[in-house]
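*Asks:* Predicted model and sequence follow; I will ask about them next.
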Amino acid sequence: MSDPISNFIANLFTPAGFTDLLRFVVIIIEALYVIFSILVVRQVNLLNKSFKTESAGLFSMLSYVHLFLSFLLLLISISIR
(Lines give C-alpha, C1' and ligand atoms only; values in the text may rest on other atoms or scores of the structure.)
Protein backbone atom coordinates (compact mmCIF):
# COMPACT_ATOMS: atom_id res chain seq x y z
CA MET A 1 0.00 0.00 0.00
CA SER A 2 1.50 3.33 -1.01
CA ASP A 3 0.92 6.46 0.98
CA PRO A 4 -0.30 9.76 -0.54
CA ILE A 5 3.02 11.54 -0.01
CA SER A 6 4.87 8.94 -2.08
CA ASN A 7 2.25 9.25 -4.82
CA PHE A 8 2.59 13.04 -4.78
CA ILE A 9 6.38 12.89 -5.02
CA ALA A 10 6.26 10.28 -7.78
CA ASN A 11 3.73 12.35 -9.71
CA LEU A 12 5.80 15.51 -9.24
CA PHE A 13 8.57 14.17 -11.47
CA THR A 14 6.26 13.58 -14.41
CA PRO A 15 5.66 16.33 -16.97
CA ALA A 16 2.02 16.70 -15.89
CA GLY A 17 2.95 16.91 -12.22
CA PHE A 18 5.63 19.50 -12.85
CA THR A 19 3.20 21.55 -14.95
CA ASP A 20 0.61 21.46 -12.16
CA LEU A 21 3.18 22.52 -9.58
CA LEU A 22 4.42 25.36 -11.79
CA ARG A 23 0.84 26.50 -12.43
CA PHE A 24 0.15 26.55 -8.68
CA VAL A 25 3.29 28.60 -7.99
CA VAL A 26 2.42 31.11 -10.73
CA ILE A 27 -1.11 31.55 -9.35
CA ILE A 28 0.28 32.17 -5.84
CA ILE A 29 2.71 34.78 -7.20
CA GLU A 30 -0.08 36.47 -9.16
CA ALA A 31 -2.29 36.55 -6.05
CA LEU A 32 0.53 38.28 -4.18
CA TYR A 33 0.79 40.74 -7.07
CA VAL A 34 -2.92 41.54 -6.73
CA ILE A 35 -2.31 42.30 -3.05
CA PHE A 36 0.57 44.55 -4.11
CA SER A 37 -1.76 46.32 -6.56
CA ILE A 38 -4.25 46.94 -3.76
CA LEU A 39 -1.46 48.48 -1.71
CA VAL A 40 -0.49 50.69 -4.66
CA VAL A 41 -4.07 51.97 -4.90
CA ARG A 42 -4.05 52.69 -1.18
CA GLN A 43 -0.74 54.53 -1.37
CA VAL A 44 -1.85 56.61 -4.36
CA ASN A 45 -5.01 57.61 -2.51
CA LEU A 46 -2.97 58.61 0.54
CA LEU A 47 -0.59 60.59 -1.66
CA ASN A 48 -3.47 62.37 -3.36
CA LYS A 49 -4.84 63.38 0.05
CA SER A 50 -1.44 64.70 1.14
CA PHE A 51 -0.51 66.61 -2.00
CA LYS A 52 -3.09 68.39 -4.12
CA THR A 53 -2.08 68.26 -7.78
CA GLU A 54 -3.87 68.53 -11.09
CA SER A 55 -2.75 64.99 -11.92
CA ALA A 56 -4.39 63.37 -8.89
CA GLY A 57 -7.25 61.98 -10.97
CA LEU A 58 -4.85 60.54 -13.52
CA PHE A 59 -2.79 58.82 -10.82
CA SER A 60 -5.89 57.35 -9.22
CA MET A 61 -7.20 56.13 -12.56
CA LEU A 62 -3.87 54.51 -13.44
CA SER A 63 -3.68 52.76 -10.07
CA TYR A 64 -7.21 51.37 -10.48
CA VAL A 65 -6.46 50.25 -14.06
CA HIS A 66 -3.34 48.52 -12.72
CA LEU A 67 -5.42 46.77 -10.06
CA PHE A 68 -8.05 45.73 -12.60
CA LEU A 69 -5.47 44.33 -15.03
CA SER A 70 -3.62 42.40 -12.31
CA PHE A 71 -6.92 40.90 -11.09
CA LEU A 72 -7.89 40.06 -14.69
CA LEU A 73 -4.54 38.33 -15.21
CA LEU A 74 -5.13 36.26 -12.07
CA LEU A 75 -8.60 35.23 -13.26
CA ILE A 76 -7.28 34.28 -16.69
CA SER A 77 -4.50 32.20 -15.14
CA ILE A 78 -6.95 30.38 -12.90
CA SER A 79 -9.36 29.66 -15.76
CA ILE A 80 -6.73 28.30 -18.17
CA ARG A 81 -6.26 24.58 -17.86
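*Replies:* Structure's in. What do you need? Numbering: from 1, shown residues only.

*Asks:* From residue 4, how far out is residue 10?
*Replies:* For residue 10, the distance to residue 4 (C-beta to C-beta, to the nearest Å) stands at 11 Å. Placement of C-beta: from N, CA and C, glycine included.

*Asks:* Assign residue 67 to helix, strand or coil.
*Replies:* Three-state secondary structure (criterion: DSSP: H, G, I helix; E, B strand; the rest coil) places residue 67 in helix.

*Asks:* List the residues that contact it.
*Replies:* Neighbour list for residue 67: 34, 37, 38, 40, 41 [criterion: C-beta atoms under 8 Å, 6 or more residues apart in numbering].

*Asks:* which residues sit against stretch 44-55?
*Replies:* For stretch 44-55, the external contacting residues (C-beta under 8 Å, 6+ apart) are 56, 59, 60, 62, 63.

*Asks:* one step back: compare residue 10 and residue 4 (neighbour count), which wins?
*Replies:* Each of residue 10 and residue 4 has its neighbours counted (other C-beta atoms under 10 Å); residue 10 has more, 11 against 7.

*Asks:* Could you list which residues are in contact with that one?
*Replies:* When contacts are counted by C-beta under 8 Å, 6+ apart, residue 10 touches no other residue.

*Asks:* how much space between it and residue 18?
*Replies:* When C-beta to C-beta is applied, the distance between residue 10 and residue 18 equals 12 Å.

*Asks:* how about the longest helix that the chain contains: buried residues?
*Replies:* Among the elements of the chain assigned as helix by DSSP state H, the one spanning the most residues is helix 15-50. Burial within helix 15-50, assessed by neighbour count using 16 or more other C-beta atoms under 10 Å, is assigned to 30, 34, 37, 40, 44, 48.
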